[in-house]
Every structure is written in C-alpha cells, then in structure tokens.
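# okay, sequence plus prediction incoming.
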Amino acid sequence: MSKKILGLPASNGIVSGPVWIYRPIQLSYKTKNFCDPQEELSRLDNAVGVAKKQLQGLMLKTKDQIGEEEAQIFEAHKLILEDPELKNLVIDLLENKRINAEAAVDQSIEQYANSLQALDSEYFRERAQDVRDVGRRLILCLQGVKTSDAKMPENPVIILADELTPSDTVQFDPNIILGFCTIRGGPTSHTAILARSLNVPAIVSAKFKLEEVLENSLAIMNGSDGYLLLNPEKKQVTKAKKALMQQEEIWQKHLSNAHKPAITLDHQEIEVVANIGSAEDAQKAIEFGAEGVGLLRTEFLYINHEELPSFDDQVKAYRQISNIMGDRPVVIRTLDIGGDKNVPYLDFKDEQNPFLGWRAIRMIGERPDIFEVQLKALLTGFSGSDLRIMLPMVSQIEEVENAKSIFNNVVDDLKRNENFVHPKLQFGIMVEIPSTALMVESFADHVDFFSIGTNDLAQYTLAVDRTNERVANLASPFNSAVIKLIAMTIKGAHKNNRWVGLCGEMAGNPLATPLLIGLGLDEFSMAPNSIPRIKHIIRSLEKEKCQQIAHEVLRKQKTKDIMALLESVQVNN
C-alpha cells in the first residue's frame with residue numbers, strides 16, 4: 001500500500017528509486033569526574049587540530065565536486081571550532097567541574113546551539129545544526145573515531161535520514177544520490193543548499209519515522225512539491241515516469257547541444273569554459289561541453305600535504321590535465337592560499353583579518369621560490385598548450401610588475417631548452433579587489449587578460465566576510481556597486497583590447513546570463529554541470545536585448561530591484 005509523506009520543498013526535481021536509510025556514527029561516551037584539567041585541555045587541543053584538518057579536506061572536496069561558495073560551509077565550521085567564546089565555555093567546565101573533554105564539549109555545544117535556536121530568525125536557528133555538527137566531529141576526534149565516508153549501496157538511491165549535517169551530505173558519492181529526504185532541517189539549512197548545488201531534489205521536515213520505512217522500498221520523490229511517495233501504485237509510477245521523462249528530456253536536450261558553440265540569436269559567440277580543481281574535473285568539463293578551462297585552482301597540490309609539492313609532482317599533475325584538455329585554452333590561477341585556506345608548512349601566522357592579510361600573490365615578497373617553482377612547473381607541464389597564467393588577489397601595479405619579472409625570467413630560462421614550446425602563452429590577473437577594477441586601464445598595459453572573481457569582489461566591495469553567517473547574505477554579486485565594478489572592468493579592458501572572463505559563482509547563475517552578455521563579458525567560467533544549461537540560455541538570447549537589460553540594471557540601486565528585473569526576463573528550461 002502506498003504512503004504519502006509530506007515535507008517542505010528544499011530542492012526542485014522529481015526522482016524515482018529505492019530508499020536507503022542513513023544512520024550516522026552514534027556518539028557514545030561517559031561523563032568522567034575529577035579529571036586533570038591540563039590533560040583534558042591537551043586532549044582537546046589535539047582533537048581541534050585533527051578536526052581542522054578534516055574540515056580543510058572537506059572544504060577542498062566540496063570546492064572540487066560542488067563549488068567554491070558551498071565549500072565556505074566548512075570554513076564557517078572551522079570558525080565555530082575556533083570561536084573563543086565556545087572554547088572559554090569548554091575550558092570553564094574543564095577547570096571548574098573537572099569533567100572529561102567529551103562531556104565539556106557536548107555541554108558547551110548544546111548551550112551554544114540552544115542560544116541560536118532561541119533566536120527569532122529561522123536562518124540562525126538552522127545554524128544550530130552546524131554548531132552541533134562541529135561538536136559531534138570534535139567529540140569523535142577526542143575518541144579517535146574516524147569519520148570516514150559512509151558505506152553506500154552500489155546503485156543510485158533516495159537517502160532518508162533523521163537529519164543530515166553538511167559533513168554527512170558531502171561524504172556521499174554524488175553519482176548515486178537521487179535525492180534527500182530528512183525528518184528535521186529546513187529549506188535554509190546547509191544540506192538543502194548542498195542539494196540544490198548537486199542538482200538533486202530534497203525534502204526537509206518530512207513527517208515520518210525511519211523505523212516505519214522498509215529499506216530498498218521503491219519511492220517517488222517530488223522535491224518541487226515536497227512529498228515522498230512510498231510503495232507507489234502503478235498509476236502513480238506511470239505519472240512520475242512521465243514527469244521524469246520530461247525532466248530528463250530537457251537535460252538531454254541541453255546535454256546533446258552542449259558541445260556546440262554558444263551563439264546568441266544575433267550571432268554573437270560567447271566562450272563558455274569550466275572552473276576545475278583536478279584531472280577528474282577536467283574530464284567532467286569536457287563531457288559537459290566546456291570549451292576550455294577558465295579557472296584551474298592549483299591549491300589541490302598544496303592543501304593537506306605535510307610539505308611543499310616538488311617540481312616533478314607538480315609537472316605530473318599539470319601534464320595530466322593538459323593531456324585531457326588538448327588544444328583548448330586553460331586559464332590557471334597561481335597559488336591562492338591564505339585567508340580561508342591555510343597550510344602548516346608555509347608558516348602562516350594568526351592574523352586578525354586573514355582575508356585582508358598575507359595571502360595569494362602577497363606571499364611573493366617573502367616566498368618568491370614557491371612562485372618560481374610553480375611557474376616553471378606550469379610552463380613545463382602545459383608545454384605546447386594554450387596556457388594562460390593569472391595572478392590572484394592583485395591590488396596594485398607593483399605586484400604585477402614584480403610577478404611578471406619573475407615570470408619573464410622563468411620563461412627565458414626555459415627557452416634555453418629547445419623542447420620548450422608555448423605559441424599561445426598569455427599572462428593575466430584576477431579582478432577581486434575594487435582597486436583593481438578602478439585601475440583596470442592601467443593594469444591593461446601589463447597583462448593580456450582579466451578574470452573577474454565575483455565571490456571575492458563582492459566581499460571586498462561590500463566589506464562583508466562571506467564566511468560570517470550573520471552578514472554573508474549581504475555579499476551578493478547582484479549588488480549595484482558590484483555590477484558597476486564588473487561593467488567598469490569590461491569597458492576598461494575592451495578599450496585597451498584586452499579580453500575579460502568571469503569565474504565566480506555568478507557565471508553559472510542563469511539569472512545573471514543576460515546581464516553579463518549585455519555588459520560585454522567575453523568568457524563565462526563555471527562548474528562543469530552548469531555548462532549545458534547556460535549554453536542553452538545564451539542561444540535563446542539576443543545580445544542587443546541583453547544590452548538594454550544591462551542598461552536598465554545599471555540604473556537601479558537596490559539588489560532586490562535588480563534581481564526582480566532579471567527574474568522577469570528569465571528563460572525557461
């Protein structure tokens with residue numbers, strides 16, 4: 001007999017398949033009294049170190065498999081872990097109650113989470129889940145329990161759970177996730193956000209009990225309307241199959257045309273490329289119709305290692321990606337570590353404002369050797385390729401001059417080797433800081449191209465830490481000031497015959513496509529799975545009409561009015 005379970009829609013889409021019940025590792029500890037506070041504090045510090053490494057790994061994995069914005073969830077977890085208020089709560093319990101670290105962490109986390117749940121804002125109530133996720137991780141680290149990937153079925157399943165933390169969600173193999181259905185959680189939870197990013201349907205706050213569900217039962221889930229149908233009847237299966245077919249037809253239509261160029265109705269060709277962070281991503285990008293790479297994040301070679309990667313290790317990794325991409329253009333961002341990404345062997349110091357501190361290209365003064373070796377490895381690994389090297393976090397001309405001097409020296413050294421071939425070598429910078437956008441015409445004398453990083457550009461323009469959940473919603477790329485800086489960058493670059501790409505999350509947002517075309521953007525770079533749909537949208541637009549839309553957007557002052565305008569011109573499918 002079929003059973004309909006109602007919940008709240010969290011991510012659109014319809015799927016059908018067997019259900020699988022996820023049961024996380026259960027916390028199990030006993031409260032111990034009369035413990036030595038110093039011994040427990042030492043255990044706590046060690047566990048925090050392990051937890052930080054785990055979160056760094058999850059952040060990198062999420063960035064590679066889902067996206068940079070979603071990866072910030074785990075940077076927020078790291079900030080919770082480092083919160084002095086939370087640490088003081090734990091230390092107070094260790095010293096005054098003399099209980100073991102597990103009990104002190106558990107009690108402190110609950111106090112912290114409960115204070116969030118008491119707030120009126122649903123957004124902050126949802127963040128209590130993140131606090132508990134961090135606490136659970138820390139207690140498991142104290143116990144030496146590995147939080148390794150869950151053992152999942154071999155075939156695709158709809159995942160049912162009491163609750164899914166972000167840590168739970170990203171450990172699943174994306175290839176076998178049909179959808180998520182949870183008893184707890186809300187549409188603004190991080191799990192819901194991750195589901196939307198993974199492009200799988202999700203339902204939260206569903207009214208059922210896990211023990212009443214038979215694992216492997218057939219189910220139909222409609223994330224758009226918020227229901228799960230267990231053991232559906234034949235006619236219900238038929239109806240769901242029809243909806244699934246329509247959904248699949250749209251995707252296959254986009255996918256079948258993904259390898260065709262993205263040309264507007266008035267014959268303007270737009271380059272659509274991919275953001276990648278590994279050879280696996282490069283392969284996926286090709287499959288989804290990428291015409292090249294607009295952002296290769298090189299941090300994957302440095303994060304979660306005990307020492308600097310060798311020249312040979314770098315060359316091997318780069319050559320693997322080069323072989324996959326062939327003669328397609330590849331834009332590579334030099335090492336962008338610092339701020340939200342730290343590695344112990346680079347001697348980062350605690351900074352009050354790490355996002356404004358010693359990071360990315362700013363490291364070059366103290367560690368030019370890292371930059372030199374990476375450039376040499378890039379030029380060697382991508383020898384013969386259409387290689388475009390770009391610098392991150394540039395804020396002044398002197399940084400480019402210094403970096404380009406090192407770059408030219410490395411090129412000259414390599415040219416002495418007759419096997420060195422780079423017929424299409426280009427040198428560019430990222431536009432992430434307002435000062436760079438304001439001086440783009442001056443920078444044009446020193447570079448071949450610009451790539452706009454809208455995530456950081458919004459953060460620095462609006463003075464918003466996008467990992468601070470109280471204000472992160474303010475860091476919108478659709479803010480009028482951010483859009484004006486994008487327009488200024490494109491206009492100034494084109495005036496000096498330089499091309500402009502955009503590799504922030506905005507490039508893969510269908511809402512932004514007509515605006516960016518209208519502003520004259522030359523290259524859209526995005527997560528591979530966004531490419532087919534964005535190409536479809538580009539083909540349905542006229543550049544002249546997009547220019548009119550961009551003109552209207554630039555006249556508006558409020559983010560909500562800009563988004564309302566762009567929503568009114570949205571292209572279906």
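The structure has been received and is ready for your questions. Numbers count the residues shown, from 1 in each chain.
# and I337, what pLDDT?
Listed pLDDT for I337 reads 67.
# phi, psi for the closest residue to V431 other than its chain neighbours please.
Nearest non-adjacent residue to V431, counting by Cβ to Cβ, 6 or more residues apart in numbering: I452, 4.6 Å away. (Glycine included, C-beta is placed from N, CA and C.) When read as degrees, to the nearest 10, the backbone of I452 gives phi -90, psi 120.
# count the neighbours of I452 for me.
Residues lying near I452 (other Cβ atoms under 10 Å) number 30.
# do the one 5 residues further on as well
By other Cβ under 10 Å, the residues close to L457 number 28.
# relative to V482, how far out is it?
Using Cβ to Cβ, to the nearest Å, we find L457 at a distance of 6 Å from V482.
# and if you look at K63?
Distance, K63 to V482, by Cβ to Cβ: 22 Å.
# compare the two (neighbour count), which wins?
Taking neighbours as other Cβ under 10 Å, K63 and V482 compare with V482 leading, 26 against 22.
# thought D456 was touching that one, still the case?
No: between V482 and D456 there is no contact under Cβ atoms under 8 Å: 10.7 Å.
# can you list the domains in the chain?
Under the assignment automatic domain parsing, the domains of the chain span 3-24+150-233, 37-142, 264-539.
# columns distance to K560 on top of those domains, output as a markdown table?
Shown next, in a markdown table, are the domains of the chain (distance: least, Cβ to Cβ, whole Å):
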| stretch | distance to K560 |
| --- | --- |
| domain 3-24+150-233 | 18 |
| domain 37-142 | 17 |
| domain 264-539 | 9 |
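# of the ones you listed, which approaches Q557 most closely?
With Cβ to Cβ as the measure, domain 264-539 is the member of the domains of the chain nearest Q557 (5.3 Å).
# helix/strand/coil for D64?
helix (DSSP: H, G, I helix; E, B strand; the rest coil).
# grab the nearest non-local neighbour of it.
Of all residues not flanking D64 in the chain, G277 sits nearest, at 4.1 Å (Cβ to Cβ, 6+ apart).
# roughly how far does the one you found sit from R333?
Taking Cβ to Cβ, one finds G277 at 10 Å from R333.
# what touches both of these two?
Shared contacts of G277 and R333, defined by Cβ atoms under 8 Å, 6 or more residues apart in numbering, are found at 296-297.
# compare these two (neighbour count), which wins?
The neighbour comparison of G277 against R333 (other Cβ under 10 Å) goes to R333, with 24 against 21.
# is it true that the more buried one touches V394?
No: under the criterion of Cβ under 8 Å, R333 is not in contact with V394, lying 11.2 Å apart.
# who touches both of the two?
By Cβ under 8 Å, 6+ apart, R333 and V394 have these common neighbours: M430.
# okay, the helix-or-strand element of the chain with minimal mean pLDDT in PDB with CA atoms only?
Across the helices and strands of the chain, mean confidence by mean pLDDT, DSSP states H and E is lowest for helix 190-198: a mean of 76. Presented in PDB, the C-alpha positions along helix 190-198 are these (Å, rounded to 0.1, in the frame of the first residue of the first chain):
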ATOM      1  CA  HIS A 190      23.100  23.800   4.500                       C
ATOM      2  CA  THR A 191      22.000  20.400   3.500                       C
ATOM      3  CA  ALA A 192      19.200  22.000   1.400                       C
ATOM      4  CA  ILE A 193      21.800  24.400  -0.100                       C
ATOM      5  CA  LEU A 194      24.100  21.500  -1.000                       C
ATOM      6  CA  ALA A 195      21.300  19.500  -2.500                       C
ATOM      7  CA  ARG A 196      20.400  22.400  -4.800                       C
ATOM      8  CA  SER A 197      24.100  22.700  -5.800                       C
ATOM      9  CA  LEU A 198      24.300  19.000  -6.500                       C
END
